[in-house]
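A.B. asks: predicted model follows, preceded by the sequence.
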Amino acid sequence: HDAMDGINDLLMSEAMHQVVLGNYPKASAVLKALGGNPLAIDPDVIKTPRNFDVLNHRVGCHFDLSPNGHNIWTTNGTPRSIAEPHLNRWLAEMLPAPSNIQVNYQYQFTDENGVLDPILIGRLGLDELNIEAIDLYYILNVNTKEGNASAMLNRLNYHIRKNVIDADNVEVGIAFTDRNGLTNDQVSIFEIQALIDQLQQVVGNSRPLRPLDFMLSDGLEATVEANPTLGLDSSFLLNRINDVFVDNMPNGQRGFQGTITDLIAGMAEANTITDDPVTAGANKLNGLRAALDQADFFGTQNAVPATAADVSFDISTEMLKAAEVVLADLEKRKVEVDKNLTALATATSQEAKIKLLEAAAQQLFGRSFKVFPEYRLYNEGQINAANNYTDYLADTRALAIEEWFQGLTPVRKRLRALHQTGLLSQAVKSTDQALNFSLSQIPLLPLDTSSSPATRWLGVEYPEDYPIPDENISMLFYNPTGYTPNGLQAGIMVDEWVEEIPHKVAHTGISVHYNNPNSEPPQACLLAVSPNLDGQWSWDDLMDTLVETLDWAKKRAVDPDLLNKSIYPQVLPALYAAVSASDDTPTLDFGRNVVQRPRNGVFGLIKVQDYLAPSIFTEITFENP
């Protein structure tokens with residue numbers, strides 16, 4: 001009963017609370033629950049509102065936008081590195097030099113009778129494959145159980161057959177885990193697989209940095225409207241997309257549309273090969289092989305030729321089947337890229353243009369391909385001041401940033417991937433260079449007595465009496481050497497979250513539930529009359545009146561639940577009436593029914609002596625007869 005009474009009071013309070021807030025649908029739902037409708041309600045009326053100061057944590061990396069980010073590992077770059085040179089430079093910084101990434105392989109020639117010759121051993125470095133770091137990032141996926149590395153395996157096989165052996169009558173085996181012949185500075189492909197995995201998690205789960213990531217909400221809209229030339233700039237990304245979508249890229253290699261043209265021409269030439277050996281020429285499959293090889297750099301599945309030298313009719317037939325699939329894929333993607341680039345003319349904002357260009361890049365290189373657009377900060381001065389401030393950790397212990405970062409890695413998987421990236425990069429590069437993060441925080445408040453910043457980083461312990469601004473942005477970024485927030489920017493947001501710092505003082509209220517009196521209200525008073533009409537009270541008379549009143553109150557408080565635990569239920573129900581010892585008070589005396597010796601002929605007021613033997617009565621005297 002008490003539980004249901006409490007629930008009833010709670011729901012009624014919740015309904016009134018929602019009515020006051022103007023949330024009538026929820027108030028109605030609560031009242032329906034009072035009527036018996038089943039409803040799980042999380043009552044708001046019992047929740048004390050808390051006030052917080054907001055701390056936005058942002059962790060990421062700024063890219064080095066120096067020129068020639070597309071040709072870090074090669075002389076001219078590749079389609080992927082031209083489309084995204086900033087990420088290519090950053091990946092090259094995380095990975096060992098391509099000449100230090102070695103691959104051991106073995107091969108056997110087959111003679112005219114099908115007999116295998118003795119095994120030969122070779123080794124090559126990734127610098128010989130003419131790929132960039134961004135290409136390695138997208139094509140490496142070693143499966144050691146099956147000894148297979150998908151796109152990387154195909155490219156290695158084709159390179160060895162074409163540039164090392166120049167023959168197809170050979171069995172090639174790639175030993176991804178073999179370290180024979182490698183120096184201490186060199187690593188096998190298998191040894192960098194873990195680093196590639198972490199890089200793929202970091203980049204794949206991240207997003208590009210935006211200028212609004214560095215701005216507080218206060219006055220944001222006004223600042224953006226007052227600086228239309230700042231913020232995102234899609235023109236640079238458009239140039240990069242156009243550079244790879246054309247016939248000939250700036251590096252002299254064939255672009256996306258040029259690859260389609262070459263593929264069609266190569267297929268036409270291959271179709272002239274018949275089963276007559278006279279029609280087979282040494283150069284009739286070269287054009288098709290080159291076009292298929294280039295198509296692989298645009299993320300086309302299974303485009304790398306399976307053979308490097310054979311020009312037989314059977315080989316040409318197999319290559320034509322593969323080329324038809326590749327051509328259909330490229331032409332379909334070309335239609336989508338054209339559609340996105342055409343839509344740029346009607347896009348009204350930089351954000352809309354960036355979205356269209358990101359979609360075009362994914363059509364060119366695959367759905368997992370990411371581009372990072374350039375931008376200019378709206379608040380260069382504020383970020384410069386935050387970067388130059390050095391007293392964020394003045395009141396904390398040494399290595400506070402490292403301790404904070406490592407403490408979050410078990411619960412923030414993106415930070416864990418970035419942390420593992422730094423450790424693995426150090427391991428495979430055999431250097432002591434770690435991911436050194438730069439700390440900054442805005443706003444630079446509070447100020448000291450000389451109006452100079454006295455800001456402390458809110459990511460760790462700060463002074464007890466430190467006044468926290470309402471909104472804060474903590475920025476922990478890995479910056480390239482000589483980084484400055486001035487001018488063109490680009491980068492990667494690895495992880496971000498909001499931390500709420502509760503105020504030390506909260507205004508709250510308390511409600512108390514109590515049972516209303518079941519009989520008389522608590523403000524009732526006792527009106528007593530002196531038994532002696534002499535115009536005054538005596539202390540004894542007053543105390544006797546109170547004691548008698550309390551005795552009667554206790555007797556009237558007796559209920560059946562209390563009597564059931566006693567011996568009286570054996571004679572109950574019964575009536576209880578008052579009996580007066582004087583003759584001047586009417587009484588309801590049931591004792592007359594058990595009188596042993598009533599006085600005959602007396603029918604007046606019943607007196608106490610009516611119930612007593614004469615001998616006993618004569619011994620009793622009354623003070624007021």
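C.D. replies: Cool, the structure landed. As the structure is a computational prediction, the values presented were derived from the model and not from experiment.
A.B. asks: can you name the residues bridging to the most centrally placed residue in the chain?
C.D. replies: In the chain, the centroid-proximal residue (CA atoms, centre = their mean) is W497; its distance is 7.1 Å. Beta-bridge partners for W497, by DSSP bridges, are H57.
A.B. asks: show me what contacts it?
C.D. replies: 56-57, 412 (CB atoms under 8 Å, 6 or more residues apart in numbering). Placement of C-beta: from N, CA and C, glycine included.
A.B. asks: could you check stretch 213-223 and say which residues are buried?
C.D. replies: 213-216, 223 (16 or more other CB atoms under 10 Å).
A.B. asks: brain fart, stretch 18-33
C.D. replies: 18, 26-27, 29-31, 33.
A.B. asks: export it to CSV, keeping only CA atoms.
C.D. replies: The C-alpha trace of stretch 18-33 is given here as CSV (Å, rounded to 0.1, in the frame of the first residue of the first chain):
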residue,chain,number,x,y,z
GLN,A,18,5.9,18.3,-17.4
VAL,A,19,2.8,20.7,-17.6
VAL,A,20,4.9,23.5,-16.2
LEU,A,21,7.6,22.8,-18.8
GLY,A,22,5.1,22.8,-21.5
ASN,A,23,5.7,19.1,-22.4
TYR,A,24,2.0,18.2,-22.7
PRO,A,25,2.5,14.9,-24.6
LYS,A,26,4.7,13.5,-21.8
ALA,A,27,2.4,14.9,-19.1
SER,A,28,-0.5,13.1,-20.8
ALA,A,29,1.4,9.9,-21.0
VAL,A,30,2.2,10.1,-17.2
LEU,A,31,-1.5,10.7,-16.4
LYS,A,32,-2.5,7.7,-18.5
ALA,A,33,0.0,5.7,-16.5
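A.B. asks: contacts for it, please.
C.D. replies: Here stretch 18-33 has contacts from 11, 14-16, 39, 41, 44, using CB under 8 Å, 6+ apart.
A.B. asks: out of these, which comes closest to I273?
C.D. replies: Using CB to CB, L39 comes nearest to I273 of those, at 77.0 Å.
A.B. asks: so which bits of stretch 410-418 are buried?
C.D. replies: So for stretch 410-418, counting by 16+ other CB under 10 Å, buried means 412, 414-418.
A.B. asks: and for stretch 98-115?
C.D. replies: 98, 100-105, 107.
A.B. asks: where does the stretch 151-300 of the chain have low pLDDT?
C.D. replies: 276-282 (pLDDT under 70).
A.B. asks: at 80 instead, please
C.D. replies: Scanning the stretch 151-300 of the chain for pLDDT under 80 picks out 274-283.
A.B. asks: quick one: A290 and V304, what's the gap?
C.D. replies: 11 Å (CB to CB, to the nearest Å).
A.B. asks: for P305, give me its contacts.
C.D. replies: P305 touches 158, 288-289, 292-293, 319, 322, counting by CB under 8 Å, 6+ apart.
A.B. asks: of those residues, which is the nearest to L377?
C.D. replies: Of these, the one sitting nearest to L377 (CB to CB) turns out to be D293, at 41.8 Å.
A.B. asks: quick check: that closest one vs R556, distance?
C.D. replies: 106 Å.
A.B. asks: okay, the two: which has more neighbours?
C.D. replies: Using other CB atoms under 10 Å, the more surrounded residue of D293 and R556 is D293, with 18 against 9.
A.B. asks: when A290 and V304 are compared, which one has more neighbours?
C.D. replies: With neighbours defined as other CB under 10 Å, A290 and V304 compare such that V304 has more, 23 against 16.
A.B. asks: burial count for the residue lying closest to the more buried one once chain neighbours are set aside?
C.D. replies: Residue nearest to V304 in three dimensions, not counting chain neighbours: N154, with 4.1 Å by CB to CB, 6 or more residues apart in numbering. Counted with other CB under 10 Å, residues neighbouring N154 total 18.
A.B. asks: checking my notes, N154 in a helix, right?
C.D. replies: Yes. According to DSSP: H, G, I helix; E, B strand; the rest coil, N154 belongs to a helix.
A.B. asks: now it: how far from A15?
C.D. replies: Counting by CB to CB - N154 and A15 are separated by 69 Å.
A.B. asks: what ranges in the stretch 1-150 of the chain fall below the confidence cut-off?
C.D. replies: Looking along the stretch 1-150 of the chain with the criterion set at pLDDT under 80, you get 34-41, 48-49, 111-115, 141-150.
A.B. asks: CA atoms only: put stretch 391-411 into PDB for me.
C.D. replies: Extracted C-alpha coordinates of stretch 391-411, given in PDB (Å, rounded to 0.1, in the frame of the first residue of the first chain):
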ATOM      1  CA  ASP A 391      52.200  27.600 -19.400                       C
ATOM      2  CA  TYR A 392      49.400  25.200 -19.900                       C
ATOM      3  CA  LEU A 393      51.100  22.600 -17.700                       C
ATOM      4  CA  ALA A 394      52.600  25.000 -15.100                       C
ATOM      5  CA  ASP A 395      50.800  23.400 -12.200                       C
ATOM      6  CA  THR A 396      51.000  19.700 -13.100                       C
ATOM      7  CA  ARG A 397      53.600  17.000 -13.200                       C
ATOM      8  CA  ALA A 398      56.100  16.100 -15.900                       C
ATOM      9  CA  LEU A 399      55.000  14.000 -18.900                       C
ATOM     10  CA  ALA A 400      51.300  14.900 -18.200                       C
ATOM     11  CA  ILE A 401      50.400  14.800 -21.900                       C
ATOM     12  CA  GLU A 402      51.900  11.400 -22.400                       C
ATOM     13  CA  GLU A 403      50.200  10.100 -19.300                       C
ATOM     14  CA  TRP A 404      46.900  11.500 -20.400                       C
ATOM     15  CA  PHE A 405      47.200  10.100 -23.900                       C
ATOM     16  CA  GLN A 406      48.200   6.600 -22.700                       C
ATOM     17  CA  GLY A 407      45.400   6.600 -20.100                       C
ATOM     18  CA  LEU A 408      42.800   7.200 -22.800                       C
ATOM     19  CA  THR A 409      44.000   4.500 -25.200                       C
ATOM     20  CA  PRO A 410      42.200   1.600 -23.500                       C
ATOM     21  CA  VAL A 411      38.800   3.500 -23.900                       C
END
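A.B. asks: buried ones in it?
C.D. replies: 392-393, 396, 400-401, 404-405, 408.
A.B. asks: repeat for stretch 6-22
C.D. replies: For stretch 6-22, by 16+ other CB under 10 Å, it's 10-11, 13-15, 17-18.
A.B. asks: check stretch 466-479 too.
C.D. replies: For stretch 466-479, by 16+ other CB under 10 Å, it's 468-469, 472-479.
A.B. asks: who touches that stretch?
C.D. replies: 53-62, 214-218, 386, 401, 405, 435-443, 445-446, 456-459, 462, 491, 501.
A.B. asks: coming back round to it: now, the contacts of P305 that are in helices?
C.D. replies: Judged by DSSP state H, the subset of the contacts of P305 located in helices is 158, 288-289, 292-293, 319, 322.
A.B. asks: wait, which of those residues is closest to P485?
C.D. replies: Closest to P485, out of all of the ones in helices among the contacts of P305 and judged by CB to CB, is D293, at 41.7 Å.
A.B. asks: give me every residue that touches that closest one.
C.D. replies: Neighbours of D293 in contact, by CB under 8 Å, 6+ apart: 158, 303-305.
A.B. asks: the same query, at a cut-off of 7 Å, please.
C.D. replies: 304-305 (CB atoms under 7 Å, 6 or more residues apart in numbering).
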